[in-house]
Structure formats: C-alpha cells, structure tokens
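In: Got a sequence here, can you build the structure:
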Amino acid sequence: MLNSVMITHRRFSWPRVPVLLLGCLLTVAAGASTLRKPAHATLSTRACEAATVDADDAYCDSSLPMEDRVADLLARLTVEEKIALLVNSASAVPSQSLPAYEWWSEALHGVGGSPGVTFAPPTPSATSFPQVITTSHSFNPTLMQAIGSAISTEGRVFNNVGHAGNTFWAPNINIFRDPRWGRGQETPGEDPFLSSVYATAFVRGMQEGEDGRYLKTSACCKHFAAYSVENLYNGTHRHNFDAQVTKQDMVDTYLPAFEACVVKGKASALMCSYNSINGVPACADAGLLNGMAREEWRFDGYVTSDCGAISDIWKRHNYTDSPEGACQVALQAGCDLDCSTFYAEHCPAALAQGLIQEGDLDRALGHLLRVQFRLGLFDSLEEQVYTKYGLEKVNSEEHQMLALEAARQGMVLLKNDHGVLPLSLSVEVEGEWGMEEDGMEEGAVLKTAFLRRERERQLRRGHREEISPPLSLAVIGPHANATEALLGNYQGVPPFIISPFEGLRKYVSDAVLVEGCGINSTLTEDQMNAADAAARAADVTILVLGLDSSIEGEGLDRTSILLPAPQVELAARVLGAAATGEKKVVVVLIAGGAVDVEFLKEDGRVAAMVFAGYPGQAGGQALAEILFGDINPSGRLTQTFYPAEFVSQAGAGDMRMRPHPTSGFPGRTYRFYEGSVVFPFGYGLSYSSFEMQEVACPAIDRGGDDEVGDGNSNSNRSSSDSSSSSSSSGSIVGAKKLVHLTTHSLEESEGKEVGRVCVEVINKGPRAGRIALLGFLSPPESEGAPRRSLRAFGGVDLAPQEAAVAMMTFIEADVSLADAAGVFERVPGQWVLEIEDIRVVVPVM
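Out: From the prediction side, this is the model:
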C-alpha cells in the first residue's frame, strides 16, 4: 500500500532574465537609457476614463468607426509625443490622458517573465504549460488552441490588475532547422505544415473569445523571417548573421507558418528578426514587411522589431551609415515599434534631416493604436467582457488539468523492448499524497490539492488489473528531481512543479533518489558509488538524463548533439550495475532539441526510453502516469533525431534545406535529409497495437459538421480502462465514427479537391489509447522536390477493438511544389500517400 508522501515545496527564484532582454541591453548604444520598468495601465488609468477627457474627444466615442477614432487621436498628438509612443515602453501622454503602456509581455507557453509582466500578489503565478516543442508532439490542433485560449484568459486577468499588457509576443513559429539551435524548443518543430497549423490554432486561442467585438489579447508571430541562429561561435551571431536563403527554400519552408499566422490565424502583430536575409536586415526589408505581409497577405496589425534589432541595422549589419538612416529604412519598410529606445533617441534627428516625415510616424503609430482600439483600451470597462475576468481564472483547476493533458500527449515512447512498460505495481494504489495544509506556502497547497484530485480520478477509474510482486524503484540522474528545468525557456512562475521523482513516488513510496551527476559536471566517486548501489538494489531504475538552459536556450546554440560526457559516464555505470542482477533500466530524456542517443537505443540493457521534452508544471505527474500505465503514450516526434556526425556535415549557419551531393551536404529535416537517423520525424510508440486498412470513403461534402481528429483536447484517457470511449464523437459510418484529419482542405474551402483517401484504424490491443495519425504525400520524381511532406494529421481515442474511419481530403495546395523561382505549381503524376504502413497512390492529372 502506498503511504502518504510528504511533498516538499521548492521556493521559486525569479525566472532567469531572458537572454532576449540581455541582448537588447547589449545592443543599445553605449550611454543610451536602458529599458524601463513600465508604469502599467490599470483600471484607474485607462485612456478615455480620466477626468480630463473632453466630451468632444472623438477617439473616445465607441460609436464611431475605428479609423475615425485613430485619425482623431493622431491629430491631437505632437511629433514628440508620437515618437515617444513608438518604443516598447511607451511613455504616458498627459495632454490626452494616455497612460504609459508596455508592449512587451510574453506568453509562449504560459504568461511569462518579461518587462510587461509582474508576478506578485494578487498574481504571484500563472499556469505553465509544456514547452511548445513538447505540445507539438501531440499533433492535436484542438489542444494547441485550448492552450492559447487558457493563456490569454490568464493574461487578461493579469492585465485587469495592472500586472501585464494585452500584447503578448508569442508564438515563435520559426522552423527548427538545425538541432543545435538553442531556441528550437520554443517552436512546433521542423515541418512547415504542422508549424502553420500550430500558428493558426494558437493565435486563434489567444485572440478569439466570447466577445467578438474585441481581441481577447494580441498575439505576435515571430521571428519574421528565416531566423534560427543564436551564435556560430566564430564572430557571427544572431545580431549580424546574414541568412542566405534560396527563393525555393523561402517559400516552401521558412514562410508558410507566417502566412498561415496572418491569413488564417489573423494575428495582430509580427516581430521582424535580428538577422539579414540575403543582405537585407529583416526589420529594414520593405518587400517582406510591407510587400508580403501587408499587401499580399493583407496583414492587419503592427510590426515590432526584436529587441535591439533597429540598432543592429546600423551597428551590426552596417546597412546604413548612421543611426538616423536605420530609423528611416526601418520605419519606411514597415517596422512600427522599436523594442528598445533607438527610435526615441534617433527619430528626432532623422526627422530634422528630412530622412523621415511625420506621415511615417503617423502610419506606424496608426498601426499600433488600431490594435489598442481592437483590444478595447479606449472603451468603457462596463461595455466589455474580458475586463471583468477575475483571479479565479488564473491557475484554475481546468487550466491545471489542461497542462497535465498536454504533458501526457506530448511525451514520446521511443523504445519498449519486450513490453517492459508499463510497469506493474504490487497492489492497487490507494490513499492520499501530500502533507497537511496548515502552515504551507500557497504553491505547496496548490500542488497538494492537484495531486489529491488526480488521485481521486484514478481511484474512480478503478484501473488496476494486475497484482505483481513488490516493486523497488531507483530514480537516478541530473533531472531525477528537476523542477524549473521542466519548464524550458520563456517560462513564467508556475503555481507548483511536480518533478519526475515526486510523480514516481506516488506509485512507489519508498523509491530511492540519487542525482548521480549534474547536467554537465564531472561525477565524483561518491556519486558514482551511490548511483551504482541504487541501481543494483532496485528492480527498476528510471535514469533521467537530458539538457537544460545551461546548454540550450536563447543566445546559446549547441556545438554538439551528444549527451554531455558526465551523463554518458553515469549511464554506463548505471547500466553496468543493473545488468549484474538483470534489473530493468528505463531512460527518460528531458530536453528541447534532439540528442544522439543511439548508444542507448541499441543497448539491450536499456529496456525502454521516453522523450519527455520540457513538460511543464505537471511533467512529473504525466511521466509517472505513462510509466505505470495510467496513460497510454501517443506523442510523436516533431524533429529528426540525427546522428552526431550530422553537425560536421551541415554547418549551423547553412540555411539550405535541400541536399547538395557534390559538396556532401545531406539536406535538412525529414523532407530533404538523405542520411541515417537515430529516430525519424513522426516516430512514437504506444502500449496498444493499431491496425489499418484503406477503405472506400463515404459520400459526404467537405466542410460539413463531421468531427475533426482530436475533437476533445482533454480526454483524461486511461490506458487500462477498457470501457474508455473515444474522445471524438463525430458522425457514424456504419458502426464506426468518422474523423477528418487536419489538411489544407479544412481551411481552404475554395481549393479544388484533387483526391480523397480513407483508412480504417482499429485498436487491436487490450488497452484504450489515442493514436496520432500522420499522412505524408510523396511527389513524382522532380528536381528539388521534397522526399515526402506531412499533409494530414490528427488523433483519435479508441477503446480496445474499437474502430474509426479517418478521412483525408487533398486540394491543389497539397500537390503543388515550389520551383527554383519560388513559384508554386501543381505537379501532375502519381503521388503516393503514406500513413503508417499503408501506401495509396493519389493520381493527379
């Protein structure tokens, strides 16, 4: 019987200041003022609510068209006031009773530490969801949008008490081009279609809500464009890097997610990136910002620079001869907001020199004000729904459960020899966890309440089917009791974090904890001996390895994709000790980027392996549920796990996607890479066995009311509960439910249909489980064509022996390829759809 366990609450230190902020401070000219802590707009200092506002101030009249209100306000401002409003820490304008406003708030996977966000009573914490790369493993757009919605709800509450702005600079939708990139963890991975779907879903979650008159919050898609280098360690870094990108790679790899963000997601902000693209700094690229975004995609919002990027135009890229010239090219290219003080310092001189005109200021400020009007910042509080959101919506039980479900769906089972997982327990788990609440800090109280609720749910499911001999467990490794490391970067302050050891100890109360070594610190003999003894004594050892912010993050790229040497040494010691008694070792990887773990994959002493990513505040809980079978894993990789030699074959600054055989360049990502892999994109195992076959599609119209895969983002499925039903409840075809996988056709109803394929999937295993279905299209032979591309995906929950029919509808966009000039053209011939082990020819005339 599991005894009551004392859960120790770790006091949080303030999250590490993002390297983004440090980079910004370093890039501002010497002697310039640094970023200011904002004077937040609170309920008592909102525009149009001050006593000095006149009745004839048209911009405060909500009955007027927005364009008239914006024009009226612009006409009332002086040139000096306009310039002061074009920086992220915008000054107050007393003449119009405009409060100061901080544009820079973060919300990558929860309200995050940033100049615009304050973590202090009454908002000391916010729900911390898994890092984006981990959530993307779910291939679940409904989950992605639900997370965006939950974050925006909490963001609104923070704003309502003056602890955040309403403009959040997320998501990061750059392509995870190279595994060394420290910020790849922030993205949905290496596939343009998946990244496009994520961008659309997350932005809709952030901006759409119950009151269609206003933006719930403003989302910002970044970093536009072709950004995926922090530091090449040769004098070249993100502030001076010139990304050499072919037109073909640009349109079919680097731009699709941004186009989807604007066209489908309707994002109200874009952030231009530090780097140049083919010699032109992104924040000075009129063709990119004005031409492509505003004219071609009809972008309706503001463009902000990354922090310090306007200064980089002059100082790092040497694109202009003066700081005033940098202001000129950036403003006239369409960069409306400067994240630093550069505009404020140098636009007055640029204006005096005739390099810019007041009309340039009006255009930029007009874009900014329009977003603020859409957020309701100039309207009465009583007219709005979101301004009434209260503290009960932060860290709610619903959001805690959503964070847990995202962690569950984001973990990837990489290896499971002989069905070692799930582990068995000696008796049915019962009782409570946690300590009494008297005298506990708030975070510990919340954690205990969360664990108790989860325990009650497990007991209600009555899931235990086996009685096994008592199980002894050792949890070893630098991440065995990790907390903050589970969050990844751009984190906020969560209400609690459940470490791997805390989660596992709920199942085996006398589990032994041994750190073994640090992330990258040499093992001592005492550490070695402790790890050795623990592995010898335990029936099962959970070896928790990986990376953290000291190895990958903003401003910090890796030079190797191997595990740090001390962890390799620790693994060898643990595996050797466990082997002496034929004990089982399960490896868990905590990391954002891919790691070459071929040595663990091929080692027969490693019974199983799980890639947990950075799973957020409920990570330890989700991991334990998966290892002990309360949850059936369904995550799939969204990045290729390359062998270590890849880093010598492909330079980190080489932006090419397609292989170049004569130079030995192997290509990048599953779409073009031609070498061997440790684990491929889309890989992931389950405790269930699913069988598939092609079937005839039912005669129904596209775009009807049928269910889309993963219609329920929070299924709380139990892998051993045979009565668990599918989370999708769509239409019925015979005795089977029909689900539509996410394809271009779901968003582009005007596209001409070129093919429709249906497959029946049956859960042949004894456990209920979710399967994430991935459909890839391979084109006919064509120069420069991708080997295959993801064109359909979605998940469905199936009880044992339950079946469903998954439909994929393809349109011209799915069978079009970009040529060398960057033009998409339909490619006739025999396309091949691959979904699991099924291959179906899709003829295109």
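
In: residues near the nearest residue to Leu361 once chain neighbours are set aside, how many?
Out: Spatial nearest neighbour of Leu361, excluding adjacent residues (C-beta to C-beta, 6 or more residues apart in numbering): Lys82 at 4.5 Å. All C-beta atoms are positioned from the backbone trio N, CA, C, and that covers glycine. Other residues near Lys82 come to 20 when the count uses other C-beta atoms under 10 Å.

In: now Glu602
Out: Other residues close to Glu602 by other C-beta under 10 Å number 10.

In: Please apply the same query to Gly209.
Out: When neighbours are defined as other C-beta under 10 Å, Gly209 has 19 of them.

In: that older thread, wait, the residue nearest to Leu361 touches Asp362, no?
Out: Yes. Here Lys82 reaches Asp362: they are 7.1 Å apart, a contact under C-beta atoms under 8 Å.

In: Look up how far Gln185 lies from the closest residue to Thr742 other than its chain neighbours.
Out: Distance criterion C-beta to C-beta, 6+ apart; nearest residue to Thr742, sequence neighbours excluded, is Gly794 at 5.1 Å. Here Gly794 is placed at a distance of 24 Å from Gln185 (C-beta to C-beta, to the nearest Å).

In: and Gly205, which of the three is it?
Out: With DSSP: H, G, I helix; E, B strand; the rest coil as the basis, Gly205 sits in helix.

In: One more: Leu288?
Out: helix.

In: I'd say it and Phe224 touch.
Out: Yes. The pair Leu288 and Phe224 passes the contact test of C-beta under 8 Å, sitting 6.9 Å apart.

In: what touches both of these two?
Out: Residues touching both Leu288 and Phe224 (C-beta atoms under 8 Å, 6 or more residues apart in numbering): Cys272, Ala282.

In: Settle it for me: which of the two has more neighbours?
Out: Higher neighbour count among Leu288 and Phe224: Phe224, with 29 against 26, using other C-beta under 10 Å.

In: Pairing partners for the more buried one in the sheet, please.
Out: Beta-bridge partners recorded for Phe224 (DSSP bridges): Cys272.

In: so where's the protein shaky on pLDDT?
Out: By pLDDT under 70, the low-scoring segments of the chain are 1-45, 50-53, 55, 425-440, 455-470, 701-735, 746-750.

In: ok, 50 please
Out: 1-44, 427-438, 463-467, 703-706, 712-730 (pLDDT under 50).

In: center of it, which residue is that?
Out: Among the residues of the chain, the one closest to the centroid is Val132, at 1.9 Å (C-alpha atoms, centre = their mean).

In: how about that residue, what does it touch?
Out: Leu108, His109, Pro171, Asn172, Gln185, Glu186, Thr187, Pro188, Tyr198.

In: between these, which has the most around it?
Out: His109 (33 neighbours).

In: Just confirm that residue is within a helix.
Out: No. Going by three-state DSSP, the assignment for His109 is coil, not a helix.

In: wait, it sits on Ala126?
Out: No. Between His109 and Ala126 there is no contact under C-beta under 8 Å: 10.3 Å.

In: Quick check: the gap between the residue lying closest to Glu80 once chain neighbours are set aside and Asp336.
Out: Of all residues not flanking Glu80 in the chain, Pro348 sits nearest, at 7.6 Å (C-beta to C-beta, 6+ apart). Going from Pro348 to Asp336 by C-beta to C-beta gives 17 Å.

In: Burial check on Pro348, number of neighbours?
Out: Quick note: Pro348 (other C-beta under 10 Å) scores 16 neighbours.

In: swap in Pro766?
Out: 14.

In: can you tell me which helix or strand the closest residue to it other than its chain neighbours belongs to?
Out: Leaving aside its sequence neighbours, Pro766 sits nearest to Pro800 (C-beta to C-beta, 6+ apart; 5.5 Å). Counting by DSSP states H and E, no helix or strand carries Pro800.

In: wait, what's in contact with Pro800?
Out: Contacts of Pro800 by C-beta under 8 Å, 6+ apart are Ser688, Ser722, Asn763, Gly765, Pro766, Arg767, Ala768.

In: Thought Trp831 was touching Pro779, still the case?
Out: Yes. The pair Pro779 / Trp831 is scored as a contact, 5.8 Å apart, by C-beta under 8 Å.

In: which residues do these two both contact?
Out: Joint contacts of Pro779 and Trp831 (C-beta under 8 Å, 6+ apart) are Val815.

In: more neighbours, the two?
Out: Trp831 (22 against 19).

In: who's the more buried one bridged to?
Out: Residues in beta-bridge contact with Trp831 (DSSP bridges): Val842.

In: and the residue nearest to Leu361, what element?
Out: helix 79-84.

In: Next secondary structure after that helix?
Out: That would be, after helix 79-84 and using DSSP H and E, strand 89-90.

In: what helices or strands is that next one leaning on?
Out: strand 101-102 (3 or more C-beta pairs under 8 Å, 6 or more residues apart in numbering; DSSP states H and E).

In: how far is the helix or strand following the strand it packs on from where the chain is centred?
Out: Along the chain past strand 101-102, the next helix or strand (assigned with DSSP H and E) turns out to be helix 132-136. Computed by C-alpha atoms, centre = their mean, to the nearest Å, the separation of helix 132-136 from the middle of its chain amounts to 5 Å.

In: buried residues in stretch 285-303?
Out: By neighbour count on 16 or more other C-beta atoms under 10 Å, the buried set for stretch 285-303 is 285-286, 288-290, 292-294, 297, 299, 301-303.

In: Please apply the same query to stretch 551-569.
Out: Buried, per 16+ other C-beta under 10 Å, within stretch 551-569: 551-558, 561-564, 566-567, 569.

In: returning to what we had before: gap between the residue nearest to Pro766 and Ile310?
Out: From Pro800 to Ile310 the distance is 59 Å (C-beta to C-beta).

In: go on, Asp814?
Out: The gap separating Asp814 from Ile310 is 39 Å, by C-beta to C-beta.

In: Who has more neighbours out of these two?
Out: Ile310 (32 against 27).

In: Would you agree that one is in contact with Val329?
Out: No. With contact defined as C-beta under 8 Å, Ile310 does not reach Val329; the gap is 9.3 Å.

In: The closest residue to Asp61 other than its chain neighbours: which element?
Out: Nearest non-adjacent residue to Asp61, counting by C-beta to C-beta, 6+ apart: Arg69, 6.9 Å away. Here Arg69 sits within helix 66-76, counting by DSSP H and E.

In: same question, Glu502
Out: helix 500-505.

In: Run through who's touching that helix.
Out: 5, 7, 473, 475, 479-482, 511, 513, 542, 544, 588, 590, 619-625, 627.

In: If we use 7 Å, what do you get?
Out: Here helix 500-505 makes contact (C-beta atoms under 7 Å, 6 or more residues apart in numbering) with 5, 7, 473, 475, 479-482, 511, 513, 542, 544, 588, 620-621, 623-624.

In: Now intersect those residues with the strands, please.
Out: Members of these lying in strands (criterion: DSSP state E): Leu473, Val475, Leu513, Ile542, Val544, Val588.

In: what's around the residue nearest to Asp61, how many residues?
Out: 23.

In: Ok, Phe628 next?
Out: The burial count for Phe628: 24, using other C-beta under 10 Å.

In: Roughly how far does it sit from Val508?
Out: Relative to Val508, Phe628 is positioned 9 Å away (C-beta to C-beta).

In: Ok, Gln332 next?
Out: 64 Å.

In: ok, the two, which is more surrounded?
Out: Ranked by neighbour count (other C-beta under 10 Å), Gln332 and Val508 place Val508 first, with 25 against 18.

In: Confirm Val586 sits in a strand?
Out: Yes. Read with three-state DSSP, Val586 is one of the residues of a strand.

In: Number the residues from 4 up from this point.
Out: Right, with 4 as the first residue, what we last looked at is Val589.
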